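J.: Sequence first, predicted coordinates after that:
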Amino acid sequence: KNQVEQSPQSLIILEGKNCTLQCNYTVSPFSNLRWYKQDTGRGPVSLTIMTFSENTKSNGRYTATLDADTKQSSLHITASQLSDSASYICVVSAYSGAGSYQLTFGKGTKLSVIP
Amino acid sequence: DAEITQSPRHKITETGRQVTLACHQTWNHNNMFWYRQDLGHGLRLIHYSYGVQDTNKGEVSDGYSVSRSNTEDLPLTLESAASSQTSVYFCASSSGFGHGYTFGSGTRLTVV
C-alpha cells in the first residue's frame, strides 16, 4: 500500500530561525513529489515539484530535497517568517497506467512561527 | 485571472438530507477532483473526473456522487448525509499528469 509519512507532526520555531520538515514515502512506481503549503481555512498551494532525477529545488526561502534511493524528501525553510505558519503537506504521485495517476497525501506538518 | 471556487464555504445540514457542494473552475482544466480532509488523515480522494461525462470513484466514495456535464463544474452530492461525512471538502483541478493541482478554498460541512 502506498504511504507517505511526515515528521514531525507539529513544530514551533522562533521567527528568523530555520527548520526542516521530513517526508518518507513508500509509493511505487514513483513519478514526482510535491510539497504544498496550506494556510488555515484555505486550500493547499504548491511550493515545489520534484521528479526522480532532481535532488534539490528551491523556491525563495523554501528548499526541497529528494533522495529517491532512500525514498525521503525534506523541506527546509530559511529565516522563517510569521507568514510561514501553516501546514506543509508532502504529496507523492505514482503513474497507475492508462493515462491515470494516483496521489498519496501525507498528513502534514503543522508549523507555528512565533515572534 | 483563472480561479477555482467552491460554494458554499460553510454548510450545516441534517442527517438524511441530500446536499450538493459546488465546484467551478475557469482554468479550462480537464481533470477535477474532490477530496475530504479530516483530523488525523491526509487528504482522501472521493471522486475524480478526467473530462466531460467521465467520473471515477476514489478511495472514500461511498455515499457520494458526482457528475460532469461541462468542463468547468464538478458538483459533489451527498445522497443522504451522515454524521461521518462532517468534514472539510476540497475541490481541485489539474491540466494533466505531471502538473500540479489547484485547490479551492474548501467547504466546511457539518452534519447534525
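T.: That came through fine.

J.: Residue of chain A nearest chain B, please.
T.: Closest residue of chain A to chain B, C-beta to the nearest C-beta: residue A:43 (3.0 Å). Yep, even glycine has a C-beta here, placed from its N, CA and C like the rest.

J.: residue contacts, that residue?
T.: When contacts are counted by C-beta atoms under 8 Å, 6 or more residues apart in numbering or on different chains, residue A:43 is found next to B:90, B:92, B:103, B:104, B:105, B:106.

J.: and the nearest residue to it once chain neighbours are set aside, what are its phi and psi?
T.: Nearest non-adjacent residue to residue A:43, counting by C-beta to C-beta, 6 or more residues apart in numbering or on different chains: residue B:103, 3.0 Å away. Dihedral pair for residue B:103: phi -100, psi 150, per degrees, to the nearest 10.

J.: before we move on, the earlier item: SS state for the residue of chain A closest to chain B?
T.: Recorded secondary structure, residue A:43: coil (DSSP: H, G, I helix; E, B strand; the rest coil).

J.: Please tell me how far it sits from residue B:81.
T.: Distance of residue A:43 to residue B:81, computed by C-beta to C-beta, to the nearest Å: 22 Å.

J.: Closest one of the contacts of residue A:43 to residue A:103?
T.: Top of the list for closeness to residue A:103, among those and by C-beta to C-beta, is residue B:92 at 9.6 Å.

J.: which ones are touching the residue nearest to residue A:43?
T.: By C-beta under 8 Å, 6+ apart, residue B:103 lies in contact with A:43, A:44, A:45, B:4, B:90, B:91, B:92.

J.: Bridged to it, which residues?
T.: Residue B:103 forms beta bridges with residue B:92, as assigned by DSSP bridges.

J.: Check it and give its pLDDT.
T.: What the model reports for residue B:103 is a pLDDT of 96.

J.: What is the burial count for residue 80?
T.: This is for chain A. 20 (other C-beta atoms under 10 Å in any protein chain shown).

J.: please go with chain B instead
T.: 11.

J.: same question, residue A:78
T.: Applying other C-beta under 10 Å, I find that residue A:78 has 14 neighbouring residues.

J.: In PDB, list the C-alpha atoms belonging to the host helix or strand of residue B:48.
T.: Secondary structure from DSSP states H and E places residue B:48 in strand B:44-51. Output in PDB follows, covering the C-alpha atoms of strand B:44-51 (Å, rounded to 0.1, in the frame of the first residue of the first chain):
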ATOM      1  CA  ARG B  44      -8.600  11.500   0.800                       C
ATOM      2  CA  LEU B  45      -9.900  11.200  -2.700                       C
ATOM      3  CA  ILE B  46     -13.700  10.900  -3.100                       C
ATOM      4  CA  HIS B  47     -14.300  11.200  -6.800                       C
ATOM      5  CA  TYR B  48     -12.500  12.400  -9.800                       C
ATOM      6  CA  SER B  49     -13.100  13.200 -13.500                       C
ATOM      7  CA  TYR B  50     -10.800  13.400 -16.400                       C
ATOM      8  CA  GLY B  51     -13.200  15.200 -18.700                       C
END
